[in-house]
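**Student:** A structural model of the following input is requested.
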Amino acid sequence: MTTTPGRLTRGTLALALATTALAATLAPGTAAATTPDSVRWGPCPEGVDDARLECGTLDVPLDYRDPDGRRIEIVISRLASEHPDRRRGVLVTNPGGPGGPGLDFPAVLADSGLPQEILDGYDLIGMDPRGVGHSTPVTCEMTEDQQRRGAFAPYAHTEADVAAEAPHARELAAQCADSATDWLLPHTTTANTARDLDRVRAALGEPRISYLGYSYGTQLGATYATLFPERGDRMVLDSALGADGYDVDAMRLFARGLQDRFPDFAAYAAAHPEYGLGETPEQVTATFYELADRLDADPVDGVHGTHFRGLTFELLYADATMPLLAEYWRDLDAGRPLPGELPAGRENMMAARLFFTCADSRWPTTVAAYQRNTAVDRERYPMLGGSTASIGPCAYWPTEGIEPPVRIGDDGPANLLLVQNERDPGTPLVGALDLRRALGDRATLVTADQGGHGVYLFGTNTCANEAVTTYLTTGRRPADDLACAAEPQPEPGDEPRPEARRLPLPLG
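**Tutor:** Next comes the predicted model:
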């Protein structure tokens with residue numbers, strides 16, 4: 001359910017609705033056992049329209065345990081430095097996901113205020129990860145109805161609601177396992193994507209790569225830093241998942257993230273009585289629960305309570321979308337339908353999310369486990385816990401042929417900078433703290449007292465933004481973990497950055 005950061009309008013509402021209805025590893029040297037050919041740059045594939053970008057393809061092993069076996073094709077992009085005399089290397093980027101295409105992300109970063117010294121100092125590299133977009137895409141052959149159900153299970157108010165969702169979860173898992181791309185299922189993992197990334201490094205002729213990854217991209221970056229510790233240069237992980245990546249605990253943390261972030265919106269809506277959502281933050285919070293319950297019982301043009309909860313979750317990724325969220329609440333309260341349609345590529349994004357998340361970690365396999373989790377999270381995080389703790393396709397995912405998960409640790413050079421908002425709905429602060437502990441002396445953590453998903457370029461905290469720029473341009477990280485104090489915020493919708501630019505959901 002990932003989308004590249006971009007302008008959010010009423011015309012893209014359906015993305016929000018469909019999104020939310022939402023033994024040992026191989027030795028590092030294995031991925032470079034056969035040196036790939038150099039990349040031949042040319043025009044980018046259809047849908048990647050920025051004239052500044054050039055693209056190339058690379059054949060990589062389907063299964064790195066059989067490096068001379070079947071191959072698959074991945075596509076990468078480049079926004080080349082305009083000053084080769086100032087170039088120090090490549091900066092590989094990832095916008096998040098899993099399931100998010102990344103070919104246009106170098107241009108998105110450039111347009112989001114990436115400093116000129118970084119644009120001069122690096123070739124920016126984007127990639128559609130294996131299984132995604134133009135890189136041997138996977139499918140679960142989902143129906144439109146399944147796509148609109150999204151990645152969040154219907155809100156479970158009771159144990160019976162969890163049990164009722166189990167057949168839908170089992171059906172979708174079976175579709176993925178029986179689809180035309182079922183042969184990719186055991187091999188569409190973050191570890192293999194990290195190995196693909198090292199093939200990219202070798203094909204570009206680079207001894208090391210720098211990296212800027214957001215959201216799920218932090219899992220990919222941490223995995224690369226674990227499998228190939230000496231091949232990373234300046235590594236930035238922004239808005240981090242925990243050390244175990246996108247597993248059942250990360251899924252449950254979305255509910256905590258909404259509870260952490262919601263007070264920012266409650267204060268905004270209360271300060272704008274024209275929306276009619278409440279005159280105090282407490283009244284706005286009460287409006288949330290009242291609307292959610294009402295839409296559970298009586299949806300408005302297909303928008304039910306789970307859609308509403310998920311829509312609120314997604315549109316709190318950025319302060320700039322708070323006015324739009326307030327308008328949607330007002331419309332739903334009045335019984336007015338919200339326009340929108342499914343975006344192109346939606347099915348692949350959702351399928352790839354499942355391929356990655358279900359293979360990367362081991363999920364509970366009994367309905368009872370999800371019933372227990374849901375009972376706990378409904379109490380702790382009532383806004384979203386009944387959805388994010390409930391059962392999904394990963395409970396029924398076939399595990400045959402999938403290698404054990406990569407264990408993130410502290411063995412390697414001290415070259416990782418983690419940056420994290422304190423009130424992030426998608427990847428709550430607790431995940432970044434967990435990853436920081438796992439990486440030990442390899443990492444330094446910068447936290448920013450602000451809300452939203454995405455720190456560097458997507459937030460306004462100058463202390464945090466300058467810490468990343470300084471590291472990427474000079475190699476200097478803060479001497480110790482750094483807590484950046486809150487700074488005056490622009491009124492939502494008035495930012496000088498592109499309006500409502502946002503990061504992909506970690507849901508996919």
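**Student:** So for stretch 457-465, mean pLDDT?
**Tutor:** Confidence over stretch 457-465 (mean pLDDT, whole number) is 96.
**Student:** chain center to it: distance?
**Tutor:** A distance of 19 Å separates the C-alpha centroid of stretch 457-465 from that of its chain, computed with CA atoms, centre = their mean, to the nearest Å.
**Student:** distance between the lengthiest helix in the chain and the chain's centre?
**Tutor:** Scanning the chain for the longest helix, with DSSP state H as the assignment, gives helix 248-270. Computed by CA atoms, centre = their mean, the chain-centroid distance of helix 248-270 equals 16 Å.
**Student:** In three-state terms, label Arg476 for me.
**Tutor:** What DSSP: H, G, I helix; E, B strand; the rest coil gives for Arg476 is coil.
**Student:** Skip the chain neighbours and tell me the closest residue to it.
**Tutor:** Distance criterion CB to CB, 6 or more residues apart in numbering; nearest residue to Arg476, sequence neighbours excluded, is Thr470 at 5.7 Å. C-betas here are computed from N, CA, C, even on glycine.
**Student:** any idea which helix or strand carries the one you found?
**Tutor:** With elements delineated by DSSP states H and E, Thr470 resides in helix 462-474, which encompasses its position.
**Student:** still on that earlier bit, alpha carbons of the longest helix of the chain, as CSV, please.
**Tutor:** Written as CSV, here are the backbone C-alpha positions of helix 248-270 (Å, rounded to 0.1, in the frame of the first residue of the first chain):
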residue,chain,number,x,y,z
VAL,A,248,3.5,-8.7,14.0
ASP,A,249,4.8,-6.3,16.7
ALA,A,250,5.4,-3.6,14.1
MET,A,251,1.9,-4.1,12.7
ARG,A,252,0.5,-3.7,16.2
LEU,A,253,2.6,-0.5,16.8
PHE,A,254,0.6,1.4,14.2
ALA,A,255,-2.2,1.6,16.8
ARG,A,256,0.3,3.1,19.3
GLY,A,257,1.5,5.5,16.6
LEU,A,258,-2.0,6.8,16.0
GLN,A,259,-2.5,7.4,19.8
ASP,A,260,0.8,9.2,20.0
ARG,A,261,0.1,11.4,17.0
PHE,A,262,-3.6,12.1,17.4
PRO,A,263,-3.3,14.9,20.0
ASP,A,264,-1.6,17.1,17.4
PHE,A,265,-4.6,16.8,15.2
ALA,A,266,-7.1,17.3,18.1
ALA,A,267,-5.3,20.5,18.9
TYR,A,268,-5.4,21.7,15.3
ALA,A,269,-9.1,20.9,14.8
ALA,A,270,-10.1,22.5,18.1
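**Student:** What are the buried residues along the helix or strand just after it?
**Tutor:** Using DSSP H and E, the helix or strand that follows helix 248-270 towards the C-terminus is helix 281-297. Applying a neighbour-count criterion of 16 or more other CB atoms under 10 Å, one finds Pro281, Val284, Thr285, Thr287, Phe288, Leu291, Ala292, Arg294, Leu295, Asp296 buried in helix 281-297.
**Student:** Follow the chain on from the helix or strand of the chain with the lowest mean pLDDT and name the next helix or strand.
**Tutor:** Lowest mean confidence among the helices and strands of the chain (mean pLDDT, DSSP states H and E): helix 13-20, at a mean of 40. Next along the chain after helix 13-20, taking DSSP H and E as the criterion, comes strand 54-61.
**Student:** and the nearest residue to Tyr396 once chain neighbours are set aside, backbone torsions?
**Tutor:** Residue nearest to Tyr396 in three dimensions, not counting chain neighbours: Ala173, with 3.9 Å by CB to CB, 6+ apart. The main-chain torsion angles of Ala173 are listed as degrees, to the nearest 10 and equal phi -60, psi -40.
**Student:** Near Ala173, how many other residues are there?
**Tutor:** Counted by other CB atoms under 10 Å, the residues lying close to Ala173 total 20.
**Student:** and what of the one 5 residues further on?
**Tutor:** By other CB under 10 Å, 11 other residues sit near Asp178.
**Student:** For it, give me its contacts.
**Tutor:** If a contact means CB atoms under 8 Å, 6 or more residues apart in numbering, then Asp178 has no contacts.
**Student:** Can you list phi and psi of it for me?
**Tutor:** Reported as degrees, to the nearest 10, the phi and psi values for Asp178 are phi -110, psi 10.
**Student:** any idea how far Ala151 is from it?
**Tutor:** The span separating Asp178 from Ala151 equals 20 Å under the rule CB to CB, to the nearest Å.
**Student:** thinking again about what came up before, the longest helix of the chain packs against which elements?
**Tutor:** Secondary structure elements in contact with helix 248-270, counted by 3 or more CB pairs under 8 Å, 6 or more residues apart in numbering; DSSP states H and E, are helix 281-297, helix 305-315, helix 322-333, helix 367-380, helix 385-388, strand 416-423, helix 429-439.
**Student:** Show me the one of those that comes nearest Ala448.
**Tutor:** strand 416-423 (5.3 Å; CB to CB).
**Student:** For Pro154, grab the count of nearby residues.
**Tutor:** Here the neighbour count serves as a burial measure; for Pro154 (other CB under 10 Å) it reads 21.
**Student:** did I read that right, it in a helix?
**Tutor:** No: secondary structure of Pro154, determined by three-state DSSP: coil, with no helix assignment.
**Student:** Just list the residues touching it, thanks.
**Tutor:** Applying CB under 8 Å, 6+ apart, we find Pro154 in contact with Ala21, Asp161, Glu165, His304, Thr306, Ser387, Ser390.
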